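Colleague: below: sequence and its predicted model.
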Amino acid sequence: MVHHKRPWMPYLLATAAILLLTFFSLVFAFWPRQVDAGTTERFKDLKELQDFIENNARIASLLNQNHYFSPFIRGSRELLDTQDMNGNRAMKSVAPTLQQATPPAESGSDAAATGASNDFSTTNIQVAGVDEADIVKSDGSYLYVRAGQEINILAAYPPEKARVLSSLTFDNPPLGLYVHGNQMLVISQQEPIVRPMSEVPEGTASKIYPPISRPMGLKVTIYDTSNKANPKLKDSFSITGASYVASRMIGSYVYLIANTPLNLHKPQADAQSNVRLPEIIEGNGSVTTLPATAIQYFDIPYPAYRYTVVQAYNLDARTRKTSIFLTGTTQQVFASAQNFYLASPAPLDPIPLCQKYLDRLTALLPDSLTNKLKDPNAATEQKLEQLAHVLSMGNNTGPGNQAEIAQVVSEMQRDLARAQDQTLVQKFGISGYEVVFHAKAEVPGQVLNQFSMDEQDGYFRIATTTRDPMQWENSSNNIFVYNSNLQLTGKLMGLAPSERIYSARFLGRRAYLVTFRETDPFFVIDLADPAVPKVLGYLKIPGFSSYLHPYDENHIIGIGKETTPILQEQGGPRPTGLKIALFDVTNPEQPKELSRYVLPNGSDSQALYDHKAFLFSPSKHLLALPVSSPNYYAWYRGYWQGAYIFNISLNQGIALKGTIDHSNPGQPSVDNQAAADLYLPIYKQYGNVQRILYINDVLYTVSDALVKLNDINSLAELKALHL
């Protein structure tokens with residue numbers, strides 16, 4: 001009999017060998033120590049920290065360097081981290097509720113809270129009483145506006161006295177700001193510090209390019225704005241090498257969450273250490289290196305670690321406390337008034353997979369090649385080395401069931417990829433300066449954004465999409481409910497097969513989901529019994545909603561895209577223009593679309609991706625969105641940029657009230673745009689509206705170049721302020 005060669009078999013077996021080697025390497029590194037789910041431990045010194053990290057760095061190197069294995073270890077995560085139909089990042093593995101999940105009715109209006117007499121809108125937040133950093137803030141009399149690398153303080157009301165009072169310039173565009181009384185806290189990136197050439201040793205290549213002595217970091221500055229025309233810097237600090245994750249303000253406390261790499265490629269105190277400890281740089285330039293004993297860690301085997309630094313800053317006292325945790329990369333954050341939850345890709349637990357597939361593969365090999373593998377006295381490392389060698393031989397292993405070996409390897413790859421399709425959620429309690437780890441849970445699937453998470457009556461609720469990375473079309477959607485210790489209480493799985501979540505919103509004892517592939521299933525889900533979540537009803541309509549916002553208890557606004565009914569063989573439906581929908585859920589078993597408005601083809605809005613760009617006021621029957629749209633009839637002018645203003649009510653539905661144009665911001669002292677472009681910074685040459693606000697009867701539309709004041713009823717322009 002002739003044995004036919006299979007050219008693919010050596011690669012398949014080599015992949016299996018590497019899978020098994022990686023499995024056991026992980027097992028060896030993480031076997032020794034177990035910590036209770038509700039506790040953390042601290043390192044006793046720098047050496048213990050470095051030993052802990054080096055063990056895992058070796059494993060991470062195995063995962064990242066092998067081109068056969070890495071697609072499987074990263075499979076589901078990369079599949080979900082692709083672009084959606086708008087060309088934006090669709091699903092990032094991991095982008096809300098004081099006592100109720102319902103936010104303030106006026107998109108964050110807090111005139112009563114500040115004591116201001118004016119009726120005004122503030123940042124559209126997820127959880128009542130938990131403020132979020134934004135690029136524009138209002139206190140009912142003044143606006144605090146980020147414009148490129150500047151923050152401008154404007155006298156805003158009354159409109160006849162509106163003007164720019166002061167301007168602060170930063171190294172980079174600020175990421176966000178908070179206003180608390182006469183205190184303004186600004187979060188920004190800090191430019192890297194380059195070592196002077198006089199400090200670089202002679203004869204080194206870095207003499208030409210001086211090395212960075214301190215990498216870019218995250219900077220926080222606090223200003224006293226009692227005199228709006230002359231704000232005073234009162235405090236500042238920065239975190240070396242940190243990247244911004246999220247922040248929240250509760251009362252006078254701002255909680256800043258940042259990720260920092262462990263190795264910034266520069267020695268710190270110990271030249272022999274490859275691990276750099278976290279640094280806090282004070283405003284006066286002094287550097288505080290936080291000791292290894294301050295770092296808390298868990299029993300979680302990450303392939304790549306980060307410091308998660310949490311700064312609790314009291315704006316009234318101008319004092320702070322730093323908490324540091326050794327974690328993976330945090331991608332999404334949900335915060336209530338008492339807790340915050342970090343969501344990140346869950347690390348792999350390889351032990352059960354390893355045992356399952358090692359036994360099966362060994363049994364399929366000839367006895368002449370498995371003596372050492374079966375030798376109880378052989379070291380495990382030796383067994384792994386021999387197994388890898390045997391598998392790398394391909395068809396030269398002699399008699400054996402090659403088809404069954406191929407089947408085992410295929411099953412291993414599938415299980416491994418499914419194991420990666422998990423989200424790790426870690427719960428932290430917050431109270432004043434204190435940040436305390438409480439519990440953790442691994443949740444099947446991936447989280448879309450912060451609105452996919454929620455806390456209600458002590459229960460944590462989360463919506464996820466799970467996918468089979470070997471069969472892209474095999475996706476489904478789920479809701480899980482956990483108790484205060486993050487123990488699973490209830491679940492609802494398998495919603496909308498072959499689709500994924502495009503938006504989610506938890507409101508009291510209900511959840512609303514929009515999934516999409518060909519149509520827009522709008523689900524109404526009952527969470528009254530945490531142990532038994534159930535679908536009450538759903539509605540299928542063309543298009544999808546990317547953001548859901550409550551109109552009232554029984555009506556939901558959806559912002560998304562209309563789609564064309566293109567056949568699946570032609571690539572499926574394609575988005576056309578912006579769509580605003582008003583859903584009636586009075587009868588949750590039969591939700592219906594009460595009204596809709598579709599903007600022109602090609603129109604887009606920042607509100608699809610950033611809820612803070614959304615303005616809604618039920619008392620004023622007002623809904624406003626930043627919009628960009630192609631100039632089909634004047635193509636040479638590029639995109640129209642501005643804001644669409646709508647009347648919205650249950651009786652009249654959604655009706656366009658008018659538009660406010662920001663397409664050509666220019667300067668009042670320049671007659672033509674070409675001349676203005678010669679001296680305007682690039683970010684001020686475009687009119688992308690970032691935020692829309694109101695104070696009493698004045699509507700404010702804000703771009704990097706311009707703030708327009710319009711009458712909220714007639715939309716007549718009252719004034720334009722150039723930034």
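Modeller: Perfect, I can see it now.
Colleague: going forward, measure contacts between C-alpha atoms and count neighbours the same way
Modeller: OK.
Colleague: the strands in the stretch 401-550 of the chain, which residues?
Modeller: 422-431, 434-444, 453-456, 459-468, 471-482, 488-495, 500-507, 510-516, 520-526, 534-541, 544-552 (DSSP state E, counting those that start in this stretch).
Colleague: other SSEs contacting the first one?
Modeller: Looking back up the chat, that one is strand 422-431. strand 339-345, strand 434-444 (3 or more Cα pairs under 8 Å, 6 or more residues apart in numbering; DSSP states H and E).
Colleague: distance to L361 and mean pLDDT added to the ones you listed, as CSV?
Modeller: Shown next, in CSV, are the helices and strands packed on strand 422-431 (distance: least, Cα to Cα, whole Å; pLDDT from 0 to 100):
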stretch, distance to L361, mean pLDDT
strand 339-345, 29, 94
strand 434-444, 28, 94
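Colleague: mean pLDDT lowest for which of the strands of the stretch 401-550 of the chain?
Modeller: Confidence, taken as mean pLDDT, is least for strand 471-482 of the strands of the stretch 401-550 of the chain (a mean of 85).
Colleague: follow-up on the earlier one: adding distance to Y178 and mean neighbour count, write the strands of the stretch 401-550 of the chain out as TSV.
Modeller: Shown next, in TSV, are those (distance: least, Cα to Cα, whole Å; neighbours: other Cα atoms under 10 Å):
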stretch	distance to Y178	mean neighbour count
strand 422-431	19	21
strand 434-444	20	20
strand 453-456	23	26
strand 459-468	27	25
strand 471-482	32	19
strand 488-495	36	18
strand 500-507	25	26
strand 510-516	30	24
strand 520-526	35	23
strand 534-541	39	18
strand 544-552	23	23
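Colleague: where in the stretch 251-400 of the chain is pLDDT low?
Modeller: 264-273, 300-301, 303, 348-358, 365-374, 378-400 (pLDDT under 70).
Colleague: quote the end-to-end distance of stretch 125-139.
Modeller: From its first residue to its last, stretch 125-139 covers 15 Å (Cα to Cα, to the nearest Å).
Colleague: can you mark which positions in that stretch are buried?
Modeller: For stretch 125-139, a neighbour-count test (16 or more other Cα atoms under 10 Å) marks 125-139 as buried.
Colleague: returning to that earlier point: nearest to I280, of the strands of the stretch 401-550 of the chain?
Modeller: strand 434-444 (17.8 Å; Cα to Cα).
Colleague: tilt between that closest one and strand 488-495?
Modeller: Angle between the axes of strand 434-444 and strand 488-495 is 40 degrees (criterion: axes from the mean of the first three to the mean of the last three Cα atoms, to 10 degrees).
Colleague: just the angle for strand 434-444 relative to strand 339-345, thanks.
Modeller: 40 degrees.
Colleague: ok, residues contacting the host helix or strand of P626?
Modeller: Here P626 sits within strand 622-630, counting by DSSP states H and E. With contacts defined as Cα atoms under 8 Å, 6 or more residues apart in numbering, strand 622-630 is touched by 600-607, 613-617, 638-648, 688-692.
Colleague: out of the residues you listed, which sit inside strands?
Modeller: 600-601, 615-617, 639-648, 689-692 (DSSP state E).
Colleague: among the residues you listed, name the buried ones.
Modeller: Buried members of those, counted by 16+ other Cα under 10 Å: 601, 615-617, 639-648, 689-692.
Colleague: R360: how many residues sit nearby?
Modeller: Using other Cα atoms under 10 Å, the number of residues around R360 comes to 14.
Colleague: which of the helices or strands spans it?
Modeller: Assessed by DSSP H and E, R360 sits inside helix 351-364.
Colleague: quick check: P347 vs R418, distance?
Modeller: P347 is 12 Å from R418, by Cα to Cα.
Colleague: who has more neighbours, these two?
Modeller: Applying other Cα under 10 Å to P347 and R418 shows that R418 carries more neighbours, namely 23 against 19.
Colleague: could you check the pLDDT of the nearest residue in space to A643 that is not next to it in sequence?
Modeller: By the measure of Cα to Cα, 6 or more residues apart in numbering, the closest residue to A643 outside its immediate chain neighbours is P626, 4.4 Å from it. P626 is assigned 96 on the pLDDT scale.
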